[in-house]
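>>> Next one to model:
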Amino acid sequence: MKNPPAYAITSVDNALRLVTVLQLEGTLTVTEAAERLGVARSTAHRLLGMLCYRDFATQGADRAYHPGPVLAPSRHDTESSARLRALSLPHLAALTEAVGETSNVTVLSGPLIRFLASVECGHALRVGSREGMAFPAHLTSAGLVMLAELSREDLDAYYQQATDSDAAKDLPQRAALRQQLSAVRSSGFAINNGRTEDGIVAIGMAVVDPHGGLAGISLALPSVRFSREAVPEFVREMHRCKAAIEEGLRVT
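Got it, this is the predicted structure:
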């Protein structure tokens with residue numbers, strides 16, 4: 001028999017109930033959510049808005065809410081994701097300590113990347129944790145470096161999957177995407193300057209698991225603190241982080 005916790009938090013319980021409905025039934029309106037929970041429409045609207053912000057839900061043109069990218073199937077199973085996260089965290093912390101900016105580890109999840117872990121820097125003005133959030137892969141620095149690691153056949157399959165998904169809009173033409181990925185492969189890293197969030201720059205680098213997995217690491221910083229002259233130092237420290245994570249993956 002399952003008993004409720006002694007100090008139940010109603011708002012958390014309501015949010016989790018809405019996540020379950022979205023995952024099992026697929027679509028939910030504000031009115032339906034309010035009726036399910038027995039709360040005011042304004043309360044249901046705020047809960048659904050927070051689920052959208054954290055990518056558990058998306059709102060369609062019909063104003064109804066649908067399962068978000070966090071609820072989409074991932075190319076990484078839960079065991080390998082947990083292993084990658086645990087192994088990466090100390091190396092991300094070392095990277096953040098070395099360069100003084102927020103670091104992240106990500107994986108591909110359909111046409112998106114999902115953030116598994118973030119280590120925030122100590123600056124008052126900083127990029128906060130993105131853990132659990134998802135963004136279109138082709139717009140992000142970590143997403144581009146992971147796509148650049150795919151074979152032509154895998155990229156074609158990925159591209160078709162992304163084209164068929166409502167979660168990935170405004171995809172570039174395939175020729176333009178291949179050209180962009182070719183440049184990423186040549187440099188070994190990718191830069192995202194405001195493509196996903198205004199005022200934020202990110203630098204991404206791929207992490208290749210010797211056992212066949214693929215991930216990405218990235219540094220994220222406010223654009224007011226970014227300069228091209230700092231990129232070589234960032235890249236050097238990211239290479240150290242990448243090598244340490246890959247070595248850890250090799251021996252585990």
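>>> and the closest residue to residue 135 other than its chain neighbours, how far is that from residue 228?
The shortest distance from residue 135 to any non-neighbouring residue, by CB to CB, 6 or more residues apart in numbering, is to residue 196 (5.0 Å). In short, each C-beta sits where N, CA and C put it, glycine included. Plainly put, residue 196 is 20 Å away from residue 228 if you go by CB to CB, to the nearest Å.
>>> If you count surrounding residues, which of these two has more?
residue 196 (17 against 7; other CB atoms under 10 Å).
>>> wait, is the more buried one part of a strand?
No. Residue 196 is assigned coil when assessed by DSSP: H, G, I helix; E, B strand; the rest coil, not a strand.
>>> Tell me the predicted confidence for it.
The model reports residue 196 with a pLDDT of 89.
>>> In this structure it contacts residue 137, no?
No. The criterion here is CB atoms under 8 Å, and residue 196 misses it with residue 137 at 10.5 Å.
>>> Identify all contacting residues around stretch 22-36.
Outside stretch 22-36, the residues that touch it by CB atoms under 8 Å, 6 or more residues apart in numbering are 17-18, 21, 40-41, 43-45, 47-48, 51, 56-57, 63-68, 71.
>>> Next, count neighbours for the nearest residue in space to residue 17 that is not next to it in sequence.
Nearest residue to residue 17, sequence neighbours excluded (CB to CB, 6+ apart): residue 37, at 6.5 Å. If you count neighbours by other CB under 10 Å, residue 37 ends up with 18.
>>> got it, and residue 99?
So residue 99, with other CB under 10 Å, has 20 neighbours.
>>> Just the contacts of stretch 22-36: which are in strands?
Using DSSP state E, the subset of those located in strands is 57, 65-67.
>>> who wins for most neighbours among the residues you listed?
Going by other CB under 10 Å, residue 65 tops those with 27 neighbours.
>>> need the contact list for that residue.
Taking CB under 8 Å, 6+ apart as the test, what residue 65 contacts is 22, 27-30, 33, 48, 51-52, 57-59.
>>> and what of residue 130?
Applying CB under 8 Å, 6+ apart, the residues near residue 130 are 104, 115, 118, 220.
>>> how much space is there between it and residue 159?
The value you get for residue 130 to residue 159, if CB to CB is used, is 24 Å.
>>> what's the lowest-pLDDT member of the ones in strands among the contacts of stretch 22-36?
residue 67 (88).
>>> right, and that one touches residue 57 too?
Yes. Residue 67 is within contact range of residue 57, at 6.8 Å (criterion: CB under 8 Å).
>>> how much space between the residue nearest to residue 17 and residue 15?
On the measure of CB to CB, residue 37 and residue 15 end up 10 Å apart.
>>> list the residues that contact both of those two?
By CB under 8 Å, 6+ apart, the residues touching both residue 37 and residue 15 are residue 47.
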